[in-house]
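>>> Below is the sequence, then the predicted model.
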Amino acid sequence: MALRACGLIIFRRCPVPKVDNSTIEFLLLQASDGIHHWTPPKGHVEPGENDLETALRETREEAGIEAAQLTIIEGFRRELNYVARKKPKTVIYWLAEVKDYDVEIRLSHEHQAYRWLGLNEACQLAQFNEMKAALQEGHQFLCSKAA
């Protein structure tokens, strides 16, 4: 059976568009172990939790962002399936916008750095194709809703 994890693709909208005209930035965290990969906050489902509760708890634990500081974006949910440490893994992601552009990020011991990045930069740091695709789909979803 696949390991199951859940997380949030967290983003913020820049008040002033950047040089490349991007206004959406994604939050990626750099893992402290292994290959020091960059991903949104995520973690394993604990007994008695539903998937979204897990995503919110993991975001609080890993980035210090509380549920009340976020707006979950309706209509977007992505399931990633891949092999991690020789075991099948399923990760469910939702999109969530921070209510405060300057929200404080407080990393746990599981991560050593964080960055807010435009789509192209985020995809470059996210080494795994499934994660890149989820970021691209999230960005496209947000841009289509704004139209």
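Nice, I can see it.

>>> Show me which residues of the lengthiest helix in the chain are buried.
Counting residues, the longest helix found in the chain (DSSP state H) is helix 129-146. Judged by neighbour count using 16 or more other CB atoms under 10 Å, the buried positions of helix 129-146 are 131-132, 134-135, 138-139, 141-142. Using the backbone N, CA and C atoms, a C-beta is placed for each residue, glycine as well.

>>> Please identify which helix or strand holds the closest residue to residue 8 other than its chain neighbours.
Leaving out its chain neighbours, the residue that sits closest to residue 8 by CB to CB, 6 or more residues apart in numbering is residue 96, at 4.3 Å. Using DSSP states H and E, residue 96 sits within strand 87-98.

>>> Show me what secondary structure element comes after that strand.
strand 111-117.

>>> Show me what that following strand is packed up against.
strand 24-31, helix 51-63, helix 119-125 (3 or more CB pairs under 8 Å, 6 or more residues apart in numbering; DSSP states H and E).

>>> Could I get these in a markdown table, plus columns for distance to residue 103, mean pLDDT and mean neighbour count?
A markdown table is the format used below for the helices and strands packed on strand 111-117 (distance: least, CB to CB, whole Å; pLDDT from 0 to 100; neighbours: other CB atoms under 10 Å):
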| stretch | distance to residue 103 | mean pLDDT | mean neighbour count |
| --- | --- | --- | --- |
| strand 24-31 | 9 | 96 | 21 |
| helix 51-63 | 9 | 97 | 20 |
| helix 119-125 | 17 | 94 | 17 |
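
>>> any idea how far the least confident helix or strand in the chain by mean pLDDT is from the chain center?
Sorting the helices and strands of the chain by mean pLDDT, DSSP states H and E puts helix 129-146 at the bottom, at a mean of 91. Centroid displacement of helix 129-146 relative to its chain, using CA atoms, centre = their mean, to the nearest Å, is 11 Å.

>>> for the protein, which strand is longest?
Assignment by DSSP state E gives strand 70-84 as the longest strand of the chain.

>>> about what we covered before: from the buried residues of helix 129-146, which is closest to residue 117?
Set against residue 117, the nearest of the buried residues of helix 129-146 by CB to CB is residue 135 (9.2 Å).
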